[in-house]
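Visitor: Next comes the sequence, and after it the predicted model I'd like to discuss.
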Amino acid sequence: MEVLQNNFNKYVPVGPLTVESGLVAEDGMSNKEVLILTAISFAVFHFLNRGISSSEVVVAKNASTLSSFVHSVTSSLLVSAALVLNAGLFWNFQMEEVFFSHVGNVARIWSTGYFLSDLYDMLASGVYKKALGLVAHHLACIVSLGAGALCGLYAPIHVLFLAAELNSTFLHLRALFRFSNVDPRSAKWRVNSALFWFTFWTCRMGVSAVIFYILYSYSHLFVANWHVVLAVIGTCVITGANFYLIFQVRNGDRRYLRKYRSAAKDS
C-alpha cells in the first residue's frame, strides 16, 4: 500500500479535481510529448502496414489485418500493465484514490496513433467507401482518446474501454486463420474461438456494463455535463456495435465452415 500511495503522490498532483473525482489522469506529460508519441505511433503502424503490403504473399486486406493484430497485442499489453499497476480501479469505481502512471496515458496515445494511421490508409486507398461504419468508429476513438490525452482527462475510463483490444487480438487471429485456410475443427481454431468468446463477454460487454455503472452512479464527478452525454452516447453505440459483432462472427464462421468443407470435398 505504501508503494501504491507513493505512486499516487508521484503521478497525480494534489488538487480539488484530481482528489475529488479521480477522473483526471494528469501524469506530467505535456501536450508536446503527447503529440510526439502520437506521431511515433502513427509512423510505426503506417510503415508497418506499408512493409507488410509490399510482401508478395500478403494481399492488402490481410496486411491491414496483420497491422491491426499487432496493435491489439501491443495495446493489450499496455492496458494490462495499466490495470495491474492501478489495481484499485477494479474495486473503487468512484476512483477517488486511483493513480495512473505513464503507462495508462501511453496506452491511449498508442491507440490514437494507430487509429489515425488506419484511417489515413483507408482514405488513401478508397476502402473507406465500403467501411463507413469503421471510419465513424475510428473518428470517435481519435477524438475521445486524443482529446483525453491532451487534456489529461478520463484515462481510467479510456483504459477500461481499451481492454476490448484483448478480444480484438483473437478476432484478428480468426481472420488470419481464415486467410491461412486453417481447419475450423482444429484444436488451435477451437482454442482461439473459446478465448474470443470469453474475452468478448468480459472485455467488451462486461466493460460496457461497468462504464454504464460509472456514468450512472458518478456522473457528478465529470468535468462537464456534456462530457457525460457524449460518453453515454458513445457507450450505447459501442455496445450496439458489439451486439452486431456477434452476428458478424457467427455468420462468418458458418460461411467459412461451408467453404472449407466444400474445398475439402473438391480436393
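Guide: Yep, that arrived. Residues are numbered from 1 along each chain as shown.

Visitor: Quick check, central residue of this structure?
Guide: Centroid check for the chain by CA atoms, centre = their mean gives residue 162 as the closest residue, at 3.4 Å.

Visitor: burial measure for the residue lying closest to residue 69 once chain neighbours are set aside, as a count.
Guide: Sequence neighbours aside, residue 172 is the residue nearest to residue 69 in space, at 4.0 Å (criterion: CB to CB, 6 or more residues apart in numbering). Yep, even glycine has a C-beta here, placed from its N, CA and C like the rest. Residue 172 sits with 21 neighbouring residues when counted by other CB atoms under 10 Å.

Visitor: quick one: the host helix or strand of residue 172 to chain centroid distance?
Guide: For residue 172, the element it lies in under DSSP states H and E is helix 164-179. Distance, stretch centre to chain centre, for helix 164-179: 13 Å (CA atoms, centre = their mean, to the nearest Å).

Visitor: who's in contact with the residue nearest to residue 69?
Guide: 65, 66, 68, 69, 72 (CB atoms under 8 Å, 6 or more residues apart in numbering).

Visitor: separation between residue 47 and residue 123?
Guide: 17 Å (CB to CB, to the nearest Å).

Visitor: what is the mean pLDDT for stretch 237-245?
Guide: For stretch 237-245, the mean per-residue pLDDT is 87.

Visitor: What of stretch 78-92?
Guide: Rounded mean pLDDT across stretch 78-92 is 70.

Visitor: Give me the below-cutoff pLDDT ranges for the protein.
Guide: Scanning the chain for pLDDT under 70 picks out 1-28, 53-61, 86-101, 264, 266-267.

Visitor: how many other residues sit next to the residue nearest to residue 80 when sequence neighbours are not counted?
Guide: Closest residue to residue 80 apart from its sequence neighbours, by CB to CB, 6+ apart: residue 166 at 7.6 Å. Neighbourhood size, residue 166 [other CB under 10 Å]: 24.

Visitor: Residue 166 contacts residue 76, correct?
Guide: Yes: counting by CB atoms under 8 Å, residue 166 touches residue 76, with 4.4 Å between them.

Visitor: for the residue nearest to the centre of the chain, what are its contacts?
Guide: Taking CB under 8 Å, 6+ apart, we find residue 162 in contact with 75, 78, 79, 107, 108, 111.

Visitor: Helix, strand or coil: sort out residue 181 for me.
Guide: Secondary structure, DSSP: H, G, I helix; E, B strand; the rest coil: residue 181 is coil.

Visitor: Can you classify the closest residue to it other than its chain neighbours by secondary structure?
Guide: Leaving aside its sequence neighbours, residue 181 sits nearest to residue 260 (CB to CB, 6+ apart; 7.2 Å). What three-state DSSP gives for residue 260 is helix.

Visitor: Now residue 153: phi and psi?
Guide: Here is the backbone geometry of residue 153 (degrees, to the nearest 10): phi -120, psi 150.
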